[in-house]
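J.: Return atomic coordinates for the entry below.
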Amino acid sequence: MSTSTDSELYTGLILLSGADKPGITASLFEVLSAFAITIVDIEQVVIKDRLILTVLISLHPSHEKAICDDLESCAKSLGVDIATLFSLEHKSSTSSISNLVHVVILSNKMHPRAISKLAAGIVQQGANIERITRLASTPITAIEFVISGASQEVLSHTLSPIAALNNVDIAVQPGGPQRHARKLVVLDVDSTLIQQEVIELLAAKAGVDDEVIAITDRAMRGELDFEKSLRARAALLKGLSVSAIAEVQKEIVLTSGARTLIATLHTLGHSVAVVSGGFIEVIAPLLEELNIKYYKANSLGIENGVLTGEVVGPVIDRAAKAAALREFAAMQSISMEQTIAIGDGANDLDMIAAAGLGIAFNAKPAVKAAADSSLSQPYLDSVLYLLGISVEEIDSPGN
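T.: Below is the predicted model of the structure:
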């Protein structure tokens, strides 16, 4: 039998599988505790009440047979299967791997072909999948791959088109300690944090919703920039009673998962901010309710209890949104690499580009093309999975 040298390590790979029940892990390690061995690596996963437990040990070769005999008895007593593989290897081969890249994919219906194509793309770049973890399974499936052997830029360039072709959302991010650093998440409001457009809700109260939508459509076609379109739409609200603001506040509906996203980020020590092309008079109570302390939004002109049809102060356009992102990050000493910007429209493009991770949420094609990642499902808390936060870590106070 081979003996190991100082530069080599004799290892045993133990693979246990079977129906999950309390006491399996304790029993396995009780058996192993009788031997002079060292635990090198360990991984356990449970899927539909089936347990897979993998343990890598280092040992003296002379203990191999005794360990195998005791593991065979352990398997019989537990009613599980235990397979082993012993080998001599260089110590360097068991060392940790640096410069890992995290790839998270999401879909409401994860098809095997999507994973096959993405895995092939990883191999194409000479990279290797070191670990696969399920982050969530309902209402969407979220899976994280930890990959070695290729840069973030290369993998993103290769995998993003594959994901798009297979109807899978994807985020490719660097690993290392910074992945778990404190982050600033900045949200757009209209059609992102909430399901509606605030100015359209106000327009409906004034009976000018068709005119407002027409101006919005012109802006989307590039015939008007955001500031001109906003001032034109606000002008149509002239004379509307201020009481309409309270009525609109009651009609606002949060996007599914918004409350969960914000509560979880706060619980985990991250910061959340809002930048809106809408109006602070409408969204202020919502921000207070969600405990969002950092925000920028436009302000309505109000005199004698009615709207003047004017926008007061600087307009929060796409440049102002990016500036707010930088301002909030500086105020909290968070690097721009640790910022996340989430939005759906052209007005969000600059902040999405400026952020460390720009996410297009159910967005227009141009915004998807510009963003680092996109989410096509109507669940805002899916952002948590892109950050590597599993469903078990999520604070769920309700949507």
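J.: what does stretch 157-175 rub up against?
T.: Surrounding stretch 157-175, the residues in contact under the criterion C-beta atoms under 8 Å, 6 or more residues apart in numbering are 99-107, 110-111, 113-114, 117-118, 121-122, 124-125, 146, 152, 155-156, 179, 357, 359, 372-377, 382, 386, 388. The way it works is simple: take the backbone N, C-alpha and C, and place the C-beta from them, glycine included.
J.: Go through that stretch and flag the buried ones.
T.: Neighbour-count burial for stretch 157-175 flags 158-160, 162-163, 166, 168-173, 175 (criterion: 16 or more other C-beta atoms under 10 Å).
J.: any idea of the mean pLDDT for whatever helix or strand residue 142 lives in?
T.: Assessed by DSSP states H and E, residue 142 sits inside strand 141-148. Over the span of strand 141-148, the pLDDT mean works out to 95.
J.: now swap in stretch 255-264 and tell me
T.: 97.
J.: Quick check: buried residues in the helix or strand of the chain with the lowest mean pLDDT?
T.: Across the helices and strands of the chain, mean pLDDT, DSSP states H and E gives its lowest value to helix 209-220, namely a mean of 87. Residues of helix 209-220 classed as buried under the neighbour-count rule (16+ other C-beta under 10 Å) are 209, 212, 215, 216, 219.
J.: so the first one touches residue 199, yeah?
T.: It refers to residue 209. No: judged on C-beta atoms under 8 Å, residue 209 makes no contact with residue 199 at a distance of 9.6 Å.
J.: circling back to that earlier point, relative to strand 141-148, how tilted is the following helix or strand past the strand holding residue 142?
T.: Per DSSP H and E, the first helix or strand lying C-terminal to strand 141-148 is helix 152-165. In terms of direction (axes from the mean of the first three to the mean of the last three C-alpha atoms, to 10 degrees), helix 152-165 departs from strand 141-148 by 150 degrees.
J.: domains for the chain, by residue range?
T.: 8-94, 101-176, 184-393 (automatic domain parsing).
J.: if we can go back for a sec, selection in ChimeraX covering whichever of the contacts of stretch 157-175 are buried, please.
T.: A single ChimeraX command is used to select the members of those judged buried by 16+ other C-beta under 10 Å:
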select :100,101,102,103,104,105,106,107,110,114,117,118,121,122,125,146,152,155,156,357,359,372,373,374,375,376,377,382,386,388
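J.: Can you list the strands that the lengthiest strand in the chain pairs with?
T.: Longest strand in the chain, counting residues (DSSP state E): strand 8-19. Taking DSSP bridges as the criterion, strand 8-19 sits next to strand 50-58 (antiparallel), strand 81-90 (antiparallel) in its sheet.
J.: Tell me the buried residues in the last one?
T.: Using 16+ other C-beta under 10 Å as the burial criterion, the residues of strand 81-90 that qualify are 82, 84, 86.
J.: tilt between whatever helix or strand comes next after that strand and helix 152-165?
T.: Following strand 81-90 in sequence order, the next helix or strand is strand 101-107 (DSSP H and E). Interaxial angle of strand 101-107 relative to helix 152-165 (the same axes, to 10 degrees): 10 degrees.
J.: how much does the helix or strand following strand 101-107 deviate in direction from helix 152-165?
T.: The element immediately downstream of strand 101-107 (helix or strand, assigned by DSSP H and E) is helix 112-124. If you take the same axes, to 10 degrees, helix 112-124 sits at 160 degrees to helix 152-165.
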